[in-house]
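> Just to be clear, the model below is a prediction. Sequence and coordinates:
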Amino acid sequence: MQWHSKTKGFIIQQLIGVIEQTGLKAKVIEKSTIENLESVVLDLGRSSSGIGESFENTDFKNFMVKNNGALIFQQLFNGKIMVMLASPHIEGYGEPKSPQGREILRPEEVTEESIQKNIESLLDLLIKWEDYDDDLSKVKNAFQPIGFKHGTVPENGDDEEVDEQNN
């Protein structure tokens, strides 16, 4: 299969190159426990979440660990490669999401550009996860006009009637 002869090594080489060029705190992990369903993972590692659970009647705290997310290139039984994103999550605080499938590629479609695009998607996912609360507060404070029937559609469904009523 092309996975062993070319694709896996190319993915590993590209991911290591990105880490070296950017200083990204990540590691490349090769998972080969299941034959013909192997994977290469760009793992952003684990860090302190800053959340600590206090134990009753003690001065001890259990600090929760944050998994920072991962980009997964998994070989499929038919020779194609599935690309998935594992979302960041905090261990012990809710259930982690299952990795979301981004795309399925033929070996010849795995290029430097496709790898870069998927790394950008992983970083975008991480940024949105880290910045989640900021986006919600901005939406709630958006301009709200004074008056009645703003944004409503009359029973007959005619948008022009709403405009006439508001003028």
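On my side now, so go ahead. The shown structure was predicted, so the numbers you read here are calculated from the model rather than taken from an experiment. Residues are numbered from 1 along each chain as shown.
> Nearest residue to the middle of the chain?
Against the mean C-alpha coordinate of the chain, by CA atoms, centre = their mean, the closest residue is L125 at 3.6 Å.
> okay, that one: pLDDT?
At L125, the model reports a pLDDT of 87.
> what do you get for F55?
On the pLDDT scale, F55 gets 75.
> hang on, it packs against F63?
No. The pair F55 / F63 is not scored as a contact, 11.7 Å apart, by CB atoms under 8 Å. Placement of C-beta: from N, CA and C, glycine included.
> In stretch 84-93, which residues are buried?
The neighbour-count check on stretch 84-93 (16 or more other CB atoms under 10 Å) flags M84, L85, A86, S87, P88, H89 as buried.
> Specify which member of the residues you listed is nearest to Q75.
M84 (12.2 Å; CB to CB).
> ok, now which ones touch the closest one?
By CB atoms under 8 Å, 6 or more residues apart in numbering, the residues touching M84 are L71, I72, Q74, P99, Q100, G101, R102.
> Look at the third one and give its secondary structure.
Same thing as Q74. strand (DSSP: H, G, I helix; E, B strand; the rest coil).
> what about it, how many residues close to it?
The number of residues packed around Q74, counting by other CB atoms under 10 Å, is 20.
> With the fourth one instead?
In terms of burial, P99 registers 17 neighbours under the definition other CB under 10 Å.
> which residues does the nearest residue to it once chain neighbours are set aside form a beta bridge with?
Among residues not flanking P99 along the chain, M84 sits closest, at 4.0 Å (CB to CB, 6 or more residues apart in numbering). Under the criterion DSSP bridges, M84 forms beta bridges with I72, G101.
> All further residue positions should be reported with the first residue as 33.
OK, 33 is where the count begins now, so the last one is M116.
> Show me what stretch 54-64 is in contact with.
Under CB under 8 Å, 6+ apart, the answer for stretch 54-64 is 40, 44, 47-48, 50-51, 70-77.
> let's see 10 Å
For stretch 54-64, contacts defined as CB atoms under 10 Å, 6 or more residues apart in numbering pick out 36, 40-41, 43-48, 50-51, 69-77, 79, 100-104, 106-107, 151, 154-155.
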